[in-house]
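# Please work out how this folds:
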Amino acid sequence: MEPSPAELARKTWRTLEPLHGFIYFAPEAAQNYSALGLEGMTGYFASRAASMGAVPAEVVCATFYNFNPALVHAAIPSAWDAASPEAISAARLDAVDHGLRRLIPDAIDSADMASAAELARIAADATTDLTAGRPLFSSYLHQRWPEQPHLALWHAQTLLREFRGDGHISLLTAHGLSGIEALVLHAAVGPVSREVLQTSRGWSDEEWQEAIDGLMARGLVNAEGGTTPQGQQLRDEIEDRTDELARAPYETLGAQGCHQLRGLVRPWSQTIAKAIF
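Below is the predicted model:
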């Protein structure tokens, strides 16, 4: 049985995501950002937000959504004093290049890589007129497409994941969930633990408990922060609707194209995931 267009969107995004997500953990990225004077989380916030220009911290808080605003304000706007957004974006792409060459060296100059990049670009190009309500995604549209296939594939997945992410945030806010409440609900239904989500987004135990209390009042989690039937239902509805909002580029590529793209990328994603995550 063929997956629905929404299911296809989720499956294809998941298969390709390690190709983008590795950059947040790659030592090449940390080294490049450090050379610009950006240490720790400052490198993360500045490199991902650089496509928007030297924006104030409030814009990064809004588009990154589930991070503690205090964590963002510690990094932005001081990052822009250390290096320009253009220099930071270039450092990021350089880290992608070196990181992928280290992780999947045999794939870089392969015919399969060229084919995967071409397919991914077809999907990404289908999003360019769908910018409404997607600010972070839209900020990447002005960036030039890299010529090398492995970098073009990474850029395509960057567009596709931020396209999906902006849609996801709109749904979370529409359901009255704050950034930390979205994390608590995510931890409640798994598979990512509270420890990972809370620590990586900079929330204290007290703030986390306040979010649990607020969601308990809505019947979405229990006293231990675990899921309830209502919470599971809401999470499922948000995820399903996120898939619906993200389906357009994958529909353009078509079921056969998505199947081909996933088949090409899967072994590389598996290699990267084992090495990084």
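# Low-confidence stretches in the stretch 1-150 of the chain?
1 (pLDDT under 70).
# That one: helices as residue ranges?
For the stretch 1-150 of the chain, the helices defined by DSSP state H, counting those that start in this stretch cover 5-21, 27-35, 41-49, 57-64, 69-73, 78-82, 85-103, 111-125, 135-139, 149-174.
# winner for burial among those?
Ranked by mean neighbour count, those are led by helix 41-49 with a mean of 23 (mean count of other C-beta atoms under 10 Å). Backbone N, C-alpha and C define where each C-beta goes, glycine included.
# now the angle from that helix to helix 57-64?
70 degrees (axes from the mean of the first three to the mean of the last three C-alpha atoms, to 10 degrees).
# Helix 27-35 and helix 41-49, what's the angle between them?
Compare the direction of helix 41-49 with that of helix 27-35 by the same axes, to 10 degrees and you get 100 degrees.
# got a list of contacts for helix 41-49?
Contact with helix 41-49 is made by 23-24, 29-30, 33-34, 38, 55, 59-60, 63-64, 67, 71-72, 74-76, 78-80, 82-83, 85, 88-89, 91-92, 136, 202, as judged by C-beta atoms under 8 Å, 6 or more residues apart in numbering.
# Same question for stretch 184-198.
Against stretch 184-198 from outside (C-beta under 8 Å, 6+ apart): 177, 183, 205, 208, 211-212, 215, 220-221, 225-227, 231-232, 234-235.
# hmm, try it at 10 Å
The contact list for stretch 184-198 (C-beta atoms under 10 Å, 6 or more residues apart in numbering) reads 66, 68, 172, 175, 177-178, 180, 182-183, 199-200, 203-205, 207-216, 218, 220-222, 224-228, 231-232, 234-236, 238-239.
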